[in-house]
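*Asks:* this one's structure only:
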């Protein structure tokens, strides 16, 4: 892998389009996942319509990923509102030098994924359970708490 870059380029058309698709309630795409290529550039690792479960299937413990999954908050009146979960995943097998790059680049990913509702830092799939994410979403829901969350 090439040396660490001070900043990352997140302007590629495929990254921008995938993010717009996730943000668009009319689109089926409900997750995006970015990672580092061997040369240190950020690339679109995946996107899809299968929600959190499908997103997690794309991850491996030797990689760093930044992504967002769209979750639907559902209330008693049938209202469904999109909630965006920003995920930083640093697998257990990632070397220390690559782990350090995460904190340097994370603010740039936060700017790209502007408008997310909660942020989750994960080192394993257990950190990305629906229960854990639901708890975090409920904690920031305010007075109008949804009855359920749909993850796909």
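*Replies:* Arrived safely. Quantities reported herein were computed from a predicted structural model and do not represent experimental measurements.

*Asks:* give me the beta-bridge partners of the residue nearest to residue 67 when sequence neighbours are not counted?
*Replies:* The spatially closest residue to residue 67, leaving aside those adjacent along the chain, is residue 33, at 3.9 Å (CB to CB, 6 or more residues apart in numbering). Placement of C-beta: from N, CA and C, glycine included. Applying DSSP bridges to residue 33 gives these bridge partners: residue 46, residue 67.

*Asks:* Please determine how far residue 33 is located from residue 21.
*Replies:* In this structure, residue 33 and residue 21 are 13 Å apart, going by CB to CB, to the nearest Å.

*Asks:* With neighbour numbers in mind, choose between these two.
*Replies:* When residue 33 and residue 21 are compared on other CB atoms under 10 Å, the one with more neighbours turns out to be residue 33, at 23 against 18.

*Asks:* Can you give me the pLDDT of the more buried one?
*Replies:* Looking at residue 33, its pLDDT stands at 98.

*Asks:* roughly how far apart are it and residue 65?
*Replies:* Distance check for residue 33 against residue 65: by CB to CB, it reads 5 Å.

*Asks:* what touches both of the two?
*Replies:* Residues touching both residue 33 and residue 65 (CB atoms under 8 Å, 6 or more residues apart in numbering): 45, 59.

*Asks:* Break down the protein into its strands, ranges please.
*Replies:* For the chain, the strands defined by DSSP state E cover 31-36, 42-48, 64-74, 80-90, 118-122, 148-150.

*Asks:* Let me have these in a markdown table, extended by distance to residue 57.
*Replies:* Below are the strands of the chain laid out as a markdown table (distance: least, CB to CB, whole Å):
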| stretch | distance to residue 57 |
| --- | --- |
| strand 31-36 | 10 |
| strand 42-48 | 9 |
| strand 64-74 | 12 |
| strand 80-90 | 13 |
| strand 118-122 | 14 |
| strand 148-150 | 18 |
